[in-house]
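Chemist: pasting the sequence and the predicted model now:
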Amino acid sequence: MARRAPRHAEAERNDQALLEAAKKVLAVDGAHASVAVIAARAGVGIASLYRRYRSKDELFQRLCALSLDQWIQAAERGLRHDDPWEGLTHYISACVEFSGGSLGPLAGTIAVTDEMAAKFTRSDELMRDLVARAHTAGALRSDATATDISLLIEQLGKSPLIEQLDQQGRTDLIDAARNARKRTIAIALDGLRSGHPRLPGTAPTPALLAERWEHAPTDSTRSSGPS
């Protein structure tokens, strides 16, 4: 058992490095992101990755599960806030910070595992609790739904400016870009407060997000190895 512990810790570190690398690569390349590029960016040997994951789909399924863990933890921390509005804004800001919506491009391209489904459900329940608390407190605009907030997180989680500067190696501008993103997030959060004119159109239903994860296997997704 003692010999397995360091290996387990290393595997966890590799998974976290892969998660962060995948988010950055997926943001640029979408579902066509190369596993080799992700591994290189994470500093993980491609041979080690092959031993751990049997296919590209399996890697992405694991990354989705790890990302959902972050959503769940952010929601749990938000619910511990005494102030419902502060709890909700903490959740949104945290999810945007770790680019909670960056795995969206994978929707419909991989099968949803039982683990993913269970975590989707738990994450959704917690987020709805956050929204309900903020509505009850009168802090959140009455016409804003949990689905609205999920879509907002997905949009704010994308940061083309930061990604572009990162690719250019312009580390001298990264802090300024991050500060600009924080301002954008604050502007968006203010729009969620009660007292604003009603939102246009009809409220999006949860099915809008859930149904895009329906997966129809194709020849390309049956590949036995990462690409």
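Modeler: Looks like it arrived, so ask away.

Chemist: quick one: buried residues of the lengthiest helix in the chain?
Modeler: Determined from DSSP state H, the single longest helix within the chain is helix 4-29. Judged by neighbour count (16 or more other C-beta atoms under 10 Å), helix 4-29 contains these buried residues: 14-15, 17-27. In this view, the C-beta of every residue, glycine as well, is placed from N, C-alpha and C.

Chemist: can you tell me the closest non-neighbouring residue to residue 45?
Modeler: Sequence neighbours aside, residue 39 is the residue nearest to residue 45 in space, at 7.1 Å (criterion: C-beta to C-beta, 6 or more residues apart in numbering).

Chemist: burial check on residue 159, number of neighbours?
Modeler: 19 (other C-beta atoms under 10 Å).

Chemist: tally of neighbours for the nearest residue to it once chain neighbours are set aside?
Modeler: Of all residues beyond its chain neighbours, the one nearest residue 159 is residue 181 (5.5 Å), with distances taken as C-beta to C-beta, 6+ apart. A total of 17 residues lie near residue 181 under the criterion other C-beta under 10 Å.

Chemist: ok, residue 181 - contacts?
Modeler: 96, 156, 159, 161, 162 (C-beta atoms under 8 Å, 6 or more residues apart in numbering).

Chemist: so how far is residue 12 from residue 150?
Modeler: 27 Å (C-beta to C-beta, to the nearest Å).

Chemist: that older thread, am I right that the residue nearest to residue 159 sits in a helix?
Modeler: Yes: counting by DSSP: H, G, I helix; E, B strand; the rest coil, one finds residue 181 located in a helix.

Chemist: do you know how far residue 113 is from residue 60?
Modeler: According to C-beta to C-beta, residue 113 stands 10 Å off from residue 60.

Chemist: quick one: low-confidence ranges for this protein?
Modeler: Along the chain, segments meeting pLDDT under 70 span 1-7, 99-102, 212, 216-227.
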